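Undergrad: Compute the structure for the input listed below.
(one chain, ligands or ions: 1)
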Amino acid sequence: MKARLFAANWKMHQAPADAAAFLRTFLDQYTRQQDRRVLFFPPAVSLHVVVDATRERSDIGAGIQNLHWEDKGAFTGETSAALARGAGARYALVGHSERRQLFGETDAQTGLKMAAAVRAGLTPVLCVGETLSEREAGETLGVVARQLRAGLAGLEPSAVASAIVAYEPVWAIGTGRTATPADAAEVHQAIAAVIRALIGERGGAVPILYGGSVNRSNVEALLATDGVDGVLVGGASLDAEQWLAIVRAG
Ligand code: 13P
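TA: Got it, this is the predicted structure:
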């Protein structure tokens, strides 16, 4: 059985002092569980706090929320996967819908970022998901398949096999609306089928997370859903007590 993954995307929250206070509370109360791993995606300026506080915890990892696809160079304001790896990151979110929608990230750029993450030794978490209008137009599975293929296009099969995918319907992010377990099951199955079509049966090992308004009340039902291997959580991951309840679920 795959280990369950509980990933916290702190977005543009938690300065270093806030991250340190959160982790003191969290690490005091959360002991290692064999069947699960916890990932934190703090803002880049707080990455070192998470890396330092969790150094002794092989069940907890840290990652960056975004990266540039070049390894280094004159790209003022950007962070490369190699720089993040040097700062202790092990994971990277790629293609989050906020990057796609608010910063114009394209499918092609997402593919370049996935390849850059793998080159630097980071495990990428490829985020895919449809907008409300795409869902209403019946385009959900087509959009998700397109985003997946573009994101994974530059990766060797072995790198695809060790990547992580997160399904985050855009209409469920920060809105309080979650996909029903049936909605999530349908899309997670479709994602698994695309990955298997790309790399064969070993694609079955790729964890597929659900994200979008996950909280302590709905996490159990989502984790009980066929094909959901974990969750990627924004708002509800900012409060240590709520996050503790979430990582203990399932
Ligand atoms: P919320 O949990 O705040 O809806 O955010 C989800 C998300 O975007 C995680 O990456």
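Undergrad: Residues in contact with the helix or strand harbouring Val50: which ones?
TA: In the assignment (DSSP states H and E), Val50 maps to helix 47-53. With C-beta atoms under 8 Å, 6 or more residues apart in numbering as the contact definition, helix 47-53 has outside contacts at 16, 19-20, 23-24, 27, 40, 42, 62, 64, 84, 87-89. For glycine as for every other residue, the C-beta is placed from the backbone atoms N, C-alpha and C.
Undergrad: same thing with stretch 136-149?
TA: 95, 107, 110, 126, 128-130, 134, 165, 167, 169, 186-187, 190-191, 194-195, 198.
Undergrad: Those in strands, which ones?
TA: 126, 128, 165, 167 (DSSP state E).
Undergrad: could you flag which of these are buried?
TA: 126, 128, 165, 167 (16 or more other C-beta atoms under 10 Å).
Undergrad: Out of those residues, the closest to the ligand would be?
TA: Tyr167 (10.8 Å; C-beta to the nearest ligand atom).
Undergrad: Hmm, the closest one is touching Gly211, no?
TA: Yes. Under the criterion of C-beta atoms under 8 Å, Tyr167 makes contact with Gly211 at 7.1 Å.
Undergrad: and for those two, which residues touch both?
TA: In contact with both Tyr167 and Gly211: Gly129, using C-beta under 8 Å, 6+ apart.
Undergrad: Need the nearest residue in space to the residue in the chain positioned nearest to the ligand, chain neighbours excluded.
TA: Scanning the chain for the residue nearest the ligand gives Gly234, at 2.4 Å (criterion: C-beta to the nearest ligand atom). Of all residues not flanking Gly234 in the chain, Asn9 sits nearest, at 5.1 Å (C-beta to C-beta, 6 or more residues apart in numbering).
Undergrad: Tell me which residues touch the one you found, please.
TA: Here Asn9 is in contact with 41, 65, 93, 96, 211, 232-234, 237 (C-beta under 8 Å, 6+ apart).
Undergrad: hang on, the earlier thing: kindly indicate which of the ones in strands among the contacts of stretch 136-149 lies nearest Gly203.
TA: Among these, Val165 lies closest to Gly203 (C-beta to C-beta), at 10.1 Å.
Undergrad: The closest one contacts Ile208, doesn't it?
TA: Yes. Val165 is in contact with Ile208 according to C-beta under 8 Å; the separation is 4.9 Å.
Undergrad: Common neighbours of those two, please.
TA: What both Val165 and Ile208 touch, as defined by C-beta under 8 Å, 6+ apart, is the set Ile191.
Undergrad: Quickly note the distance from Ala193 to Leu47.
TA: Taking C-beta to C-beta, to the nearest Å as the measure, Ala193 falls 35 Å from Leu47.
Undergrad: same deal with Arg99?
TA: Going from Arg99 to Leu47 by C-beta to C-beta gives 17 Å.
Undergrad: where in the chain is pLDDT low?
TA: 1 (pLDDT under 70).
Undergrad: So the most far-flung residue of the chain relative to its centre: helix, strand or coil?
TA: Largest separation from the mean C-alpha position in the chain: Ala74, at 27.7 Å (C-alpha atoms, centre = their mean). Following DSSP: H, G, I helix; E, B strand; the rest coil, we place Ala74 in the coil state.
Undergrad: just the helices in the chain please.
TA: 16-29, 47-53, 81-86, 97-102, 107-119, 132-136, 140-152, 157-161, 181-199, 219-223, 240-247 (DSSP state H).
Undergrad: tell me the most buried of those?
TA: Across the helices of the chain, averaging neighbours per residue (mean count of other C-beta atoms under 10 Å) puts helix 107-119 on top, at a mean of 22.
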